[in-house]
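Peer 1: Let me see the structure of the following:
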Amino acid sequence: GFKEAQHGTNSGIARAGADTIPPVILRGVLIDVAGWKGVEALPANFAIGPGELQAALARQNVTLAPGDAVFIRTGTLRYWGENGADHAKLAAHDSAGLTLAGAKWLVEQKGVLFIGGDTSGVEVGVDPTLPPEVSNAVHEYLLVEQGVHIGEFHNLEALAANKVYRFVYIAATNRLRGAVAGTALRPIAIE
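Peer 2: Numbering: from 1, shown residues only. Got it, this is the predicted structure:
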């Protein structure tokens, strides 16, 4: 309900910045799509829609409940290494992710409040169900239309290896006034 021209500054936004995001403490649910497919990591642009989410959840014998935080494992972050320097290896997998239909199913049908993943964007690089000129549809839908936070670059490897599909998720953003995203989170999963 407010205009960027009124509340944007040279040093960032003056309203609704990352410093207003409260700590997140939710039930976390891992959806191991790479594990369901039987691969170390999903290939580039692998689209994760409602069918893939439902199949992975069924394999894990896990259900979602309203208010959950969902974390989608593609296997991409296993290639991060010590400093994220293997760009070629990351690029071969990083565009796998959630479709707009998958995001809508999670939010509208399951009541999910937070969606995270192990990629740099959570959403698929090219959503095959949308016109090619449409980009960042999942971000726009989740952040702008639904007020659902997105958590990128989550290391989900240990959870998947140990088959920990339900956990308490805790994360807090840095209180950086003017920032538009919570940077340098230190998320914690407690089984």
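Peer 1: And the strands in the chain?
Peer 2: 8-9, 12-13, 24-32, 47-48, 69-73, 97-98, 114-117, 149-151, 166-171, 188-190 (DSSP state E).
Peer 1: Can I get those in a markdown table including mean pLDDT, distance to Ser135 and mean neighbour count?
Peer 2: C-beta coordinates here come from the backbone N, C-alpha and C atoms, glycine included. Output for the strands of the chain, formatted as a markdown table (pLDDT from 0 to 100; distance: least, C-beta to C-beta, whole Å; neighbours: other C-beta atoms under 10 Å):
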| stretch | mean pLDDT | distance to Ser135 | mean neighbour count |
| --- | --- | --- | --- |
| strand 8-9 | 68 | 22 | 11 |
| strand 12-13 | 66 | 22 | 16 |
| strand 24-32 | 96 | 24 | 22 |
| strand 47-48 | 97 | 14 | 23 |
| strand 69-73 | 98 | 19 | 27 |
| strand 97-98 | 96 | 13 | 30 |
| strand 114-117 | 96 | 17 | 24 |
| strand 149-151 | 90 | 15 | 19 |
| strand 166-171 | 95 | 26 | 18 |
| strand 188-190 | 91 | 30 | 14 |
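Peer 1: what's the lengthiest helix in the chain packed up against?
Peer 2: Longest helix in the chain, counting residues (DSSP state H): helix 50-60. Contacts defined by 3 or more C-beta pairs under 8 Å, 6 or more residues apart in numbering; DSSP states H and E place helix 50-60 against strand 24-32, helix 33-37, helix 100-104.
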